Each structure stands twice: as structure tokens, then as C-alpha cells.
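> quick one, structure for this:
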Amino acid sequence: MNIVRINSKNVFFIIFALISNTIREANTGYEGMLSSAYTNVTPANSNKKDDNFGTCSVGKLCSELGGNCLKCDINPNCVYGSTYSINCTAPDVIDCLGDRSFTKQYICRYCYQTENWEHKCHLKNSCSSVASPLQYYRTNCTVNNDIICLGRRKFMKNLRCNWTGGYRWSTALILSITLGGFGADRFYLGHWQEGIGKLFSFGGLGVWTLIDVMLISMRYLGPADGSLYI
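Below you'll find the model as predicted:
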């Protein structure tokens, strides 16, 4: 029976061979990735637009493109609120008509300082609109395409919780006056437990019905999901 003796020198050569083989395999894989990447590159003169301008209109006048589709020379040291004329250029990757360089009017401000109607925010309904004190939530907002502004076009903003689930105040009031004794108003607003209580107590012998009429008329009693009336 032959016994193979492994000394420290043999161990060193075995480890060195394993490391060398691993490096060669890594280089081969990296070269393959580079080859694949260069094969899939879109030519500069292609009709396809760059991913950064994927929302830009095609076949439109270059001067009518929005701020998200233009490269403009904006001076960040401008006076806030002042209006300036700035030079803008439509990138070559955008398919537009007319002169690619022109001037546009611009109000000096950051994108997060735009008015509420100049940006769109992702609305949430995971809060109560009738809570006291008022609740706010933080969400993502994007400035409208036609607005030119400083900084990021996407930003975070705190919004007051004021969503609606589609419940009408007039419908709730009519149900409370006519069928409140059977709990119809409570059922409509989503207060199922109270609605069952009103149903089997005949509106608290009329007292509960009268109280709910006053609460709904003053908008103190609202939908159970915490939303606002339409």
C-alpha cells in the first residue's frame, strides 16, 4: 500500500493551482459579459430613443418638448421667483422637428418648490382623514413634464391625509333621516356593529336615530375607513 506524503510545499502548489484556475475562469466569464454587452448596444444613429427620454413625444416640435426632455443651461445662483430666458437643447436621441436649440422661459426654483398643480404625487389611503390632530404621510412626487426647474424632478413630500372612499354626504344624510331607525346610515358608512345595534334596538327607540341625524348633518360622523365625504 502506497502512502502519499503531503508536505507544506505540495500544499502550497495545490492552492496556487486552484487560485490560478479560478482567476482564468473569472476572466473568461468577464470577457463573455463584455462581448455580450457590446453586441446589444443600440447604435447612436438608431431611431430608438434613450431610456432616459422614454416618455418624450415623437414627431413633435423640439421647442414644445417638456423640461424632462431638454438639456437647459440653468444658473443655480439665480434669484428665487424671478423669470429668466435660458438656452435649451433637444438631445440627438429624441425624434423631434425644427431647431434643436432655442430659448425658454424659466422661473427660478427647485422642483420641490413648485405649486401643487405643477406636480403629481402618489396618493395613499392608509391614514385617517378625520383624525385629530390632522395626519400627514410622506410620498413620492414628480414634477409635470412641461415644467423646468432646478434639482431632481422626483422628490419626497408630506401630504395631508384627505382621501375619499366615494361616500356621499347627501346620501348618508337621506338614509339617516328616512331609514336611520333600521341602521341604514351606519351600514352605508361602514359602521356595521353600530348598524346592527340600531337595527335590533329600533334606532335606540328613536333617540339614537336623532343623534345620528345631527352628527351626519354636521359631518362629525363620517365613513368608517377614515375617508372624507364627496
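
> may I have the distance across stretch 179-193, first residue to last?
16 Å (CA to CA, to the nearest Å).

> how far is that stretch from where the chain is centred?
Mean-position distance between stretch 179-193 and its chain equals 36 Å (CA atoms, centre = their mean, to the nearest Å).

> could you point out which element follows whichever helix or strand I86 is part of?
According to DSSP states H and E, I86 maps onto strand 83-89. Once the chain leaves strand 83-89, the next helix or strand it forms, by DSSP H and E, is strand 96-97.

> next, count neighbours for Q193.
10 (other CB atoms under 10 Å). C-beta coordinates here come from the backbone N, C-alpha and C atoms, glycine included.

> meant to ask about F202, not that
Neighbours of F202 using other CB under 10 Å come to 13.

> swap in the one 3 residues further on?
A total of 9 residues lie near L205 under the criterion other CB under 10 Å.

> give me the pLDDT for it.
Listed pLDDT for L205 reads 90.

> against D212, how distant is it?
Remark: distance between L205 and D212 (CB to CB, to the nearest Å) = 13 Å.

> list the neighbouring strands of the strand holding I86 plus their orientation.
The sheet places strand 83-89 alongside strand 71-72 (antiparallel), strand 101-107 (antiparallel), with pairing taken from DSSP bridges.

> kindly export it (C-alpha atoms) in PDB.
Taking Å, rounded to 0.1, in the frame of the first residue of the first chain, the C-alpha atoms of strand 83-89 are listed here in PDB:
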ATOM      1  CA  THR A  83     -38.200  84.700 -14.600                       C
ATOM      2  CA  TYR A  84     -35.300  84.100 -16.900                       C
ATOM      3  CA  SER A  85     -34.700  83.200 -20.500                       C
ATOM      4  CA  ILE A  86     -32.500  80.200 -20.800                       C
ATOM      5  CA  ASN A  87     -30.900  78.300 -23.700                       C
ATOM      6  CA  CYS A  88     -32.300  74.700 -24.100                       C
ATOM      7  CA  THR A  89     -31.200  71.900 -26.500                       C
END
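
> hey, what's R160 bridged with?
Going by DSSP bridges, R160 forms beta bridges with Y136.

> would you mind confirming that it makes contact with L134?
Yes. Between R160 and L134 a contact is recorded at 6.0 Å, counting by CB atoms under 8 Å.

> kind regards, and thank you for your time.
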